[in-house]
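Colleague: would you be able to build a 3D model of this:
(2 chains)
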Amino acid sequence: MSAPLTHLQRLEAESIHIMREVAASFSKPVMLYSIGKDSSVLLHLAMKAFYPAKPPFPFLHVDTTWKFREMIAFRDRMAEELGFDLLVHINEDGVRDGINPFDHGSNVHTHVMKTVALRQALDKYGFDAAFGGARRDEEKSRAKERIFSFRNSSHGWDPKNQRPEMWKIYNTRIAQGESIRVFPLSNWTELDIWQYILQENIPIVPLYFAKKRPVVDRGGMTILVDDDRLKLQPDEKIEERKVRFRTLGCYPLTGAIDSDAETLEGIVAEMLTARTSERQGRLIDRDETGSMEKKKREGYF
Amino acid sequence: MLKVDEVLPDTETADIRTYLASQEKKTLLRFLTCGSVDDGKSTLIGRLLYDTKLIFEDQLATLEQDSKKHGTTGDDIDLALLVDGLEAERQQGITIDVAYRFFATPKRKFIVADTPGHEQYTRNMATGASSADLAVVLVDARQGVLAQTRRHSIIASLLGIRNIVLAVNKIDLVDFDEGVFKRIVAEYEAFAKDLGFASVVPIPMSARYGDNVTRASDKSPWYTGPSLIDHLETVDVEGDAAERPFRFPVQYVNRPNHEFRGFAGTVASGSIAVGHDVVVAKSGKRSRVKRIATYDGDRERASEGEAVTLLLDDEIEVSRGNMLVAPNARPHVADQLAANVVWFDEHPLLPGRMYLLRTETDQVNATVSHLKHRTNVNNFAHEAAKSLDLNEVGVCNFSLQAPIAFDSFEENRTTGAFVLIDRLTNATVGAGMILHPLRRAANIHWQALDVTKASRSELKHQKPAVLWFTGLSGSGKSTIANLLEKKLHAAGRHTYILDGDNVRHGLNRDLGFTEEDRVENIRRVAEVARLMAEAGLIVLVSFISPFRAERRMARDLMTEGEFIEVFIDTPFEECARRDPKGLYARALKGEIKNFTGVDSPYEVPELADVHLPTVDRSPEDLVEELETWLKERGYC
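Modeller: Numbering: from 1, shown residues only, chains lettered A, B, ... in the order given. Below you'll find the model as predicted:
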């Protein structure tokens, strides 16, 4: 008899199983790579699932052109080191129209540069399955989503009419033009993610660790001054504060927290005593109640 | 009372490591809450999350805001809104789909599936139950055991759940009356005694106020059992720890180079070590495990639940859908089996209709050869039935187009389960729990014949084919088929016509015109057509065959390229005007039931091989077009 698997071993095995199902059942899968901690775990698991082969699918980064500079540097370094196939897509129409989070607001910016851009990329390459790093513990509508989540030919999600998902038997059948979003980390919690990063020594973007950084307070959030596109309002001033990020997105839409956590252990300790949820730092979830569900129905991950 | 904060360490690195190590040792319990609508399932989970301090400040603020807007609890916060995440759910105050929530206590981690109580969303309850080890069945103390309580209990039992908590909720609304509690418990236990549960633990509680949820209530001094959380923290769901035989469904063949040919999959049961013998389930070929490869280095051993890659000593044929198994305890390999089925779709399960049967890694076409009975969810009675409707459960015999490897669901929840998929819509329409293989197929082997279809058709100097004429009654199918046969016959071809009406006088005279009978009617005709094609004939089938699924089934029965679907496309109005047999007039008056085009649908072919619109064209003209089509492809 062998010892029962630990919690993380079970989660790891489940995720690997899901990735192999996709590789075996779809003709053109892709892994969405958003450079954050969940994506880093996803990438690590993909390396494991197909060892000694490389993951048999490309990694797609939808670049809104407003990501933190450190994220882009990290992305390129990982692609280089691990040798995976990296695709970067930017919505050029949005760039041409000058869409940005300052003038157009988080809603329009996210819709054009993220949701629409993602749909463009999926259509351009004809992907029939796309992995995402979403977890069910993140947000209420995500708690409702299947691991294999069906999308119609215009990438829409119909939350009221999801396919039953029994055991580990996944229905991978789709018609021409339809696709499936796959969430191998569905059953992981934020604590599991950090614990796994710690256990496996997974590299993550340095922005997760506390460091003195130039920030401004705006609309109740602490925004990093990542480049000169951030224009100061008359009453704002740049401060050097020791901050870090719990999640990473577009820098003008992602709030930093004051923190002393310079190590993974420090991050975990801080998380365990946190009184707010991780998505609290994300402006886009709060535009209106139920806004994540709305975005997901439109094709957001 | 529970205090997560108590176990929180200070921020010293070593302490964090120790804390995480202790987290890793915690076991995980997956459970679901189920029961009838408004019994308080979502509120209960909200209460668990709230009392275990898993609600963050921002979530609490949103909750207070939502409670004012949608809440059903007056001025108090409505805990159910923590779980009902879909807009439609919050607006209607109901649960539509299963939500998964996560929480932990100092003793255990939990994943809870909050499932909907409405009958129409039963499939979402089944989704939540399929991965659970325990079910909390809620009953409203004022309502007692309802039909949905029983349905959910039966489905939980069928899906292999052996541990039940009977949560008699809203006990505050009956003034913590012990008599009410005892009556409900007695009623439930009488009902559940045949469901094979290992334990049924009844707890009186108030999810809204927290009594007996995370703390013993002083309002129910007559209850001395555990609170819900005490029970969930300590209940043993592992059951029998005896090692089960090795099962490894092959998911993916990993061939990065010539030296490496690995079979990737998750160990479904038992364990395996380097040097052990394994057998390929479907072929019976034997080999030995050479390596167990993982990213973290080669392993000596792998056991249940681990996702690994196996390399074998010999170059034997193994592909996705097959299974590597213990040589001395093999699974069944058969193409006929009996299973419990839960039906999820608005379109009923019909015997004779072909579905896609999918196990964890294998998939095969399957028809229900016999619907043995439907189970009445109120009293377990086995009732005769011709179909299974949405949310019904029953026992079916299945006939598969190719054998699969499996165990009974009772022996192995991983290798004994399957789902059924509609081949046209790709919807997941049912779930199956295998009871046993049917020996009938095992004992009747295919007799190998020396004279083959090829030799028979060669003698006739022709290519066998099945021309399947579909279209409304009176569209001209028989006229065209008849004319075509005359021409083929004159050209020296060996042919035969199977006509819908004629066959109903003989082979199919026991069948009526209900949807089930129509499916069986076509199945038989397709089988006969196949035999005739085997004999080398060109078969002309003239059948309304209104359903796509059955035409697809007929196509799948034939050898690739031998099935030619001919759509005789005459509009309804034109057929009704012609009405050669006077049937439309009678059907429109309501004298004939289930008449295609009138009160029964005709599903227009989407991919007919030959499409013949008939309006303004003579039969001779149409036959000539068809003949040309056949000539170009070497049939005549």
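Colleague: surely residue B:630 is in contact with residue B:636?
Modeller: Yes: the pair residue B:630 / residue B:636 is scored as a contact, 5.0 Å apart, by C-beta atoms under 8 Å. Every C-beta, even on glycine, is put in place using the N, C-alpha and C of the backbone.
Colleague: can you give me the buried ones in stretch B:342-349?
Modeller: B:342, B:343, B:344, B:345, B:347, B:348, B:349 (16 or more other C-beta atoms under 10 Å in any protein chain shown).
Colleague: by contact count, what packs against the helix or strand hosting residue B:308?
Modeller: Assessed by DSSP states H and E, residue B:308 sits inside strand B:307-312. In terms of contacts (3 or more C-beta pairs under 8 Å, 6 or more residues apart in numbering or on different chains; DSSP states H and E), strand B:307-312 is packed against helix A:7-25, strand B:260-266, strand B:286-293.
Colleague: from the buried residues of stretch B:342-349, list the ones also adjacent to chain A.
Modeller: residue B:344 (C-beta under 8 Å from any C-beta of the partner chain).
Colleague: mind giving me CSV with the buried residues of stretch B:342-349 and columns for pLDDT and secondary structure?
Modeller: As requested, the buried residues of stretch B:342-349 are exported to CSV (pLDDT from 0 to 100; DSSP: H, G, I helix; E, B strand; the rest coil):
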residue, pLDDT, secondary structure
B:342, 95, strand
B:343, 96, strand
B:344, 94, coil
B:345, 94, coil
B:347, 93, coil
B:348, 95, coil
B:349, 95, strand
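Colleague: number of nearby residues for the closest residue to chain B within the stretch 101-250 of chain A?
Modeller: Residue nearest to chain B within the stretch 101-250 of chain A (C-beta to the nearest C-beta): residue A:140, separated by 3.0 Å. Counted with other C-beta atoms under 10 Å in any protein chain shown, residues neighbouring residue A:140 total 25.
Colleague: what are the phi and psi values at it?
Modeller: phi -60, psi -40 (degrees, to the nearest 10).
Colleague: my read: it touches residue B:101, true?
Modeller: No: judged on C-beta under 8 Å, residue A:140 makes no contact with residue B:101 at a distance of 9.5 Å.
Colleague: list the buried residues for stretch A:147-159?
Modeller: Within stretch A:147-159, the residues scored as buried using 16+ other C-beta under 10 Å are A:147, A:148, A:149, A:150, A:151, A:155, A:157, A:159.
Colleague: residues near the nearest residue to residue B:610 once chain neighbours are set aside, how many?
Modeller: Excluding the flanking residues, the one nearest residue B:610 by C-beta to C-beta, 6 or more residues apart in numbering or on different chains is residue B:566, at 4.6 Å. By other C-beta under 10 Å, the residues close to residue B:566 number 26.
Colleague: ramachandran coordinates for residue B:566?
Modeller: phi -110, psi 110.
Colleague: I figured it hits residue B:475, correct?
Modeller: No: with contact defined as C-beta under 8 Å, residue B:566 does not reach residue B:475; the gap is 11.0 Å.
Colleague: rounded mean pLDDT for the strand holding residue B:308, please.
Modeller: Averaged across strand B:307-312, the pLDDT comes to 96.
Colleague: what is the subsequent helix or strand relative to it?
Modeller: Next helix or strand after strand B:307-312 toward the C-terminus (DSSP H and E): strand B:323-325.
Colleague: partners of that next one in the sheet?
Modeller: strand B:247-249 (antiparallel), strand B:277-280 (antiparallel) (DSSP bridges).
Colleague: can I get the CA coordinates of the last one in PDB?
Modeller: The C-alpha coordinates for strand B:277-280 follow below in PDB (Å, rounded to 0.1, in the frame of the first residue of the first chain):
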ATOM      1  CA  ASP B 277       3.500  -7.300 -15.800                       C
ATOM      2  CA  VAL B 278       0.500  -5.500 -17.300                       C
ATOM      3  CA  VAL B 279      -2.000  -6.600 -19.900                       C
ATOM      4  CA  VAL B 280      -3.600  -4.500 -22.600                       C
END
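Colleague: one step back: next one, pLDDT for the residue of the stretch 101-250 of chain A closest to chain B please.
Modeller: 76.
Colleague: output the below-cut-off pLDDT ranges for the stretch 151-300 of chain A.
Modeller: Scanning the stretch 151-300 of chain A for pLDDT under 70 picks out A:274-300.
Colleague: which residues of it fall in strands?
Modeller: A:179-182, A:211-218, A:221-224, A:239-244, A:257-258 (DSSP state E, counting those that start in this stretch).
Colleague: can you give me the buried ones in the longest one?
Modeller: Spelled out, it's strand A:211-218. Neighbour-count burial for strand A:211-218, counted by 16+ other C-beta under 10 Å, picks out A:213, A:215, A:216.
Colleague: so which elements touch that strand?
Modeller: Taking 3+ C-beta pairs under 8 Å, 6+ apart as the contact cut, strand A:211-218 packs with strand A:221-224, strand A:239-244.
Colleague: that one pairs with which strands?
Modeller: strand A:221-224 (antiparallel), strand A:239-244 (antiparallel).
Colleague: what sits up against the shortest one?
Modeller: Okay, so that is strand A:221-224. By C-beta atoms under 8 Å, 6 or more residues apart in numbering or on different chains, the residues outside strand A:221-224 that reach it are A:68, A:213-217, A:230, A:241, A:243, A:251-252, A:254-258, A:281, A:283.
Colleague: tabulate the strands paired with strand A:211-218 (a markdown table), appending mean neighbour count.
Modeller: Listed next are those as a markdown table, based on neighbours: other C-beta atoms under 10 Å in any protein chain shown:
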| stretch | mean neighbour count |
| --- | --- |
| strand A:221-224 | 20 |
| strand A:239-244 | 16 |
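Colleague: wait, which of those is closest to residue A:204?
Modeller: strand A:239-244 (11.2 Å; C-beta to C-beta).
Colleague: contacts for the closest one, please.
Modeller: A:207-217, A:222, A:224, A:256-261, A:267.
Colleague: would residue B:602 count as being in a helix?
Modeller: No: assessed with DSSP: H, G, I helix; E, B strand; the rest coil, residue B:602 is coil; it does not lie in a helix.
Colleague: now for it: which residues touch it?
Modeller: Residue B:602 neighbours (C-beta under 8 Å, 6+ apart): B:472, B:544, B:546, B:596.
Colleague: try 10 Å this time
Modeller: Applying C-beta atoms under 10 Å, 6 or more residues apart in numbering or on different chains, we find residue B:602 in contact with B:470, B:471, B:472, B:473, B:475, B:544, B:545, B:546, B:547, B:572, B:596.
Colleague: please apply the same query to residue B:114.
Modeller: A:143-144, B:32-34, B:41-46, B:80, B:82-85, B:95, B:97-101, B:125, B:128, B:136.
Colleague: single out the most deeply packed of the strands paired with strand B:323-325.
Modeller: For those, the largest average neighbour count (mean count of other C-beta atoms under 10 Å in any protein chain shown) is found in strand B:247-249, namely a mean of 28.
Colleague: measure the nearest residue to residue B:340 once chain neighbours are set aside to residue B:408 for me?
Modeller: Leaving aside its sequence neighbours, residue B:340 sits nearest to residue B:433 (C-beta to C-beta, 6+ apart; 4.4 Å). Per C-beta to C-beta, to the nearest Å, residue B:433 is found 9 Å from residue B:408.
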